[in-house]
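J.: need a structure here:
(4 chains)
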Protein chains: 4
Amino acid sequence: MDDRARVRVGVLGANGKVGKAICDAVNAAADLELVATVDQGDAIDSFVNSGTEVVVDFTHPDVVMDNLKFLVENGIHAVVGTTGFDDARLATVTEWLDASPGTGVLIAPNFAIGAVLLMRFSEQAARFFDSVEVIELHHPNKADAPSGTAYRTAGLIAEARAKAGVGKSPDATTTELEGARGADVDGVRVHSIRLAGLVAHQEVLLGTQGETLTIRHDSMDRTSFAPGVLLGVREISTRPGLTVGLDPLLDL
Amino acid sequence: MDDRARVRVGVLGANGKVGKAICDAVNAAADLELVATVDQGDAIDSFVNSGTEVVVDFTHPDVVMDNLKFLVENGIHAVVGTTGFDDARLATVTEWLDASPGTGVLIAPNFAIGAVLLMRFSEQAARFFDSVEVIELHHPNKADAPSGTAYRTAGLIAEARAKAGVGKSPDATTTELEGARGADVDGVRVHSIRLAGLVAHQEVLLGTQGETLTIRHDSMDRTSFAPGVLLGVREISTRPGLTVGLDPLLDL
Amino acid sequence: MDDRARVRVGVLGANGKVGKAICDAVNAAADLELVATVDQGDAIDSFVNSGTEVVVDFTHPDVVMDNLKFLVENGIHAVVGTTGFDDARLATVTEWLDASPGTGVLIAPNFAIGAVLLMRFSEQAARFFDSVEVIELHHPNKADAPSGTAYRTAGLIAEARAKAGVGKSPDATTTELEGARGADVDGVRVHSIRLAGLVAHQEVLLGTQGETLTIRHDSMDRTSFAPGVLLGVREISTRPGLTVGLDPLLDL
Amino acid sequence: MDDRARVRVGVLGANGKVGKAICDAVNAAADLELVATVDQGDAIDSFVNSGTEVVVDFTHPDVVMDNLKFLVENGIHAVVGTTGFDDARLATVTEWLDASPGTGVLIAPNFAIGAVLLMRFSEQAARFFDSVEVIELHHPNKADAPSGTAYRTAGLIAEARAKAGVGKSPDATTTELEGARGADVDGVRVHSIRLAGLVAHQEVLLGTQGETLTIRHDSMDRTSFAPGVLLGVREISTRPGLTVGLDPLLDL
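T.: Residues are numbered from 1 along each chain as shown, chains lettered A, B, ... in the order given. You can find the predicted model right below:
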């Protein structure tokens, strides 16, 4: 491959666990070149000096806005996994981008492609089935039940069904031991399993007369964000302005 | 096969849906011969005249005791799927059997071999894992949640763990949407899914450091009792007295 | 619901097993009305006399072309599950439809919505994962391995990956017991399970670094085509001309 | 817990990846005390000086026999995960143990309790089902297909069925794309999936009329041997002589 064809990539928060994994993934990709890494105490303008085209930011809500301001002002695209973006923050980023046409910023809460696809497919399939329920399964150290992803998935499903005029899943339960039928998220039942040995898993079950469709995502370790981040790095230069979530890049 | 070697089988409740399925199964088995069928209004002594060796009874709690009294007194073995046996009834049957040594009666609440094995294996495995949870999945017309089988399975698991001195499954949940973590059956979490297209399914998940073991039973239609009934028919003549449940015949 | 708003439906092959199930499904649907049924020996023009708007045809390759000619000429929409349509037959039907603008014909090889969605989602997801394999599981009386659906699914996946420039799934196997790695369909591995107790099931497994996505379709009984047929009945009047496959009606 | 009640444990090969994981597991167990660790270059008699009761050996086939000779002669129990034991080696160890009554040695090829239970349960269930097949799923860097564990599992199943007089699984396949039906191990079909994102997984599917039983083991990371090793450490002092495989300790 022609060296000049490789995308010049920088990483912010390069010394963190996630940052290191991203550096490794960039180094392993033939079409990408890692040209600058920055962590706390390092000068961010090394991205400019090195001719960085895209910067990946997995840092902290406290610093990410300063990072983005600098990058956008310098016409450097950004792929952001840092959390903490509310509507106000997104509006501010959009303003900056208006002043720097041609620059693209991708902010995504979840870079695991499988998780994003599961949500999308579930949303699309939801209106064709009488019944739909969600099971999420995690390690037992998790504090919240259901998981944020399951909550979001159930919400998307409920919305899709409401929009299509599909009623609630049928349920003839008259005698229930408290909790057996799971939690109710916008009318969709969600069940949370906590089991030693598991990592992070989610299953959407859809059923109608004589058939069921099951979509399951298994996240086996913490590196599952890497392919999604690389996809963002490769695509963001062709998408000026703000992109929220990985979905638009999947061209489904 | 020598005709005299075939077991001579009778069926009580032969015109019911279950009874018909059993007649079909007996007719299809090379080592069994259907020699008499009885339903409401028929004379039960046709079993004696026909030289019936084993009678299968899937009738009604109101008539099953009269049936059993007649069969035991006539030295005919019985395989019984009719419900409604409490301790008093079992004691009565035992008394009758004491007076008719050599005769065997098998009374079982569940003839699906897969369901019986699932319960047994779960009970055996329960003490080797930090965590265990039960998921049962049924058609949406079911009135009770959890299912009776799931309730029994969780109880057996809890008992096995208590006996081995194993503590509760770890669970760091601090924020729970009501019902997300399922129902609590003797300290074992049980989750009930209701989905159009499903029949009757159950899954036991066991987990410890770095590994999980999952045991799942799928009952696809209502004929899944047949192989268990035939097993009973073949074995009961070698087991004089009262046998409760299919387990003892499985020689695990 | 206003009676005049109900779609007037006819069924061809109404006495067959499939035809009867369709009649039942139409009768059970509040927005549809079964106004005419035809089987061998019956006069097909009863569809005209009864004011039938849509006819469902699950008959035989020998008679389906005659049926379609009559229906299209009379401006009656058709939903066809009969097999045996090659390019020549499809061209003929298109010609008839050209002469009868406003009439719609839907011909689909598979009306199980879950199966259609599985194929579509697998095709869409295929390019985002390093690896993909297909497992199909059926009752042991099936003569062909892999199933036609699995064959088609693997083909669609292979095509999507080729189009996106994705290479073959990685595979370091150097020692293989013959057949262990399954069949090779256009570079996609397909595994066929045959098991008593099963009906018709298919699973597509997709994997990349640290995560997997699994899409599974379970067909529990032979009535799983009904919801897809009803969807066709409801939609075909808005789609003049020839529609092949259920996909276009799903608006994914 | 009284300090004197804790089992005094030593680890051989303590600096290796597995050895370290075992040291961590011993340190984390309230009823065990890590009193000595030995690796290449260290003096093995530190086990004697420290009063070690049980030594865990995950070393190398070249050195494990010397290690065992020393341990048995000094009356120290051993739990061995090192590979390379053939009948000759086992006979030699037995001889040593005859001269040191009261000392116990456990040699096991697989310490993942879930894998051992899966094999045992599959063997027990095999004769009650018409059909049985094995699916094993691994990361794509694996060189052999099927896996050693799947090969052994299929062999145990075949043996159990032969012993019970159960015939081959029914299979009406007449048209097969080469490899679709998997590999034939003693008459049991075995299918090998290779997928990025997976670690090590195995599923045994058993089916009979109207029902299936599925037993699945998922090994998510390389530490899944730890609970089995600790079980061995706790039990071996009560089992003088040679024990091969984890099964006897499970008291099933």
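
J.: what about the closest residue to A:K163 other than its chain neighbours, how many neighbours?
T.: Counting by CB to CB, 6 or more residues apart in numbering or on different chains, A:K163 lies nearest to A:R127, which is 7.7 Å off, once chain neighbours are set aside. (Each C-beta comes from the backbone N, C-alpha and C, glycine too.) Around A:R127 there are 18 other residues, counting by other CB atoms under 10 Å in any protein chain shown.

J.: which ones are touching A:R127?
T.: Contacts for A:R127 were tallied using CB atoms under 8 Å, 6 or more residues apart in numbering or on different chains; they are A:160-161, A:163-164, A:166.

J.: secondary structure class for it?
T.: helix (DSSP: H, G, I helix; E, B strand; the rest coil).

J.: from the contacts of A:R127, which land in helices?
T.: Here DSSP state H is the test, and these give A:160-161, A:163 as lying in helices.

J.: and stretch A:198-218, how far apart are its ends?
T.: By CA to CA, to the nearest Å, the extent of stretch A:198-218 from end to end equals 9 Å.

J.: how about it against chain B, any contact?
T.: Yes - interface with chain B: stretch A:198-218 contributes A:198, A:205-212 (CB under 8 Å from any CB of the partner chain).

J.: and that stretch, is it in reach of chain C?
T.: Yes - contact between stretch A:198-218 and chain C, assessed by CB under 8 Å from any CB, occurs at A:206, A:208-218.

J.: what about A:V72, neighbour count?
T.: Neighbour tally, A:V72, other CB under 10 Å: 22.

J.: is it true that it touches A:V105?
T.: Yes - between A:V72 and A:V105 there is a contact at 6.7 Å, judged by CB atoms under 8 Å.

J.: what pLDDT does A:R4 get?
T.: Predicted confidence (pLDDT) for A:R4: 55.

J.: same question for the one 10 residues further on.
T.: According to the prediction, A:A14 has pLDDT 94.

J.: give the helix, strand or coil label for it.
T.: coil.

J.: any idea how far the closest residue to it other than its chain neighbours lies from A:G16?
T.: Spatial nearest neighbour of A:A14, excluding adjacent residues (CB to CB, 6+ apart): A:T37 at 3.5 Å. Between A:T37 and A:G16 the distance is 11 Å, computed by CB to CB, to the nearest Å.

J.: repeat that for A:H201.
T.: From A:H201 to A:G16 the distance is 25 Å (CB to CB).

J.: helices of chain A, start to end?
T.: Along chain A, counting by DSSP H, helices occupy A:17-28, A:46-49, A:61-73, A:87-98, A:113-125, A:148-163, A:226-235, A:247-250.

J.: mind listing what the spatially closest residue to A:D31 that is not a sequence neighbour touches?
T.: Excluding its sequence neighbours, the residue lying closest to A:D31 (CB to CB, 6+ apart) is A:R6, at 5.7 Å. A:R6 makes contacts with A:30-33, as judged by CB under 8 Å, 6+ apart.

J.: wait, A:L34 sits on A:V9?
T.: Yes - if you go by CB under 8 Å, A:L34 and A:V9 touch, sitting 5.5 Å apart.
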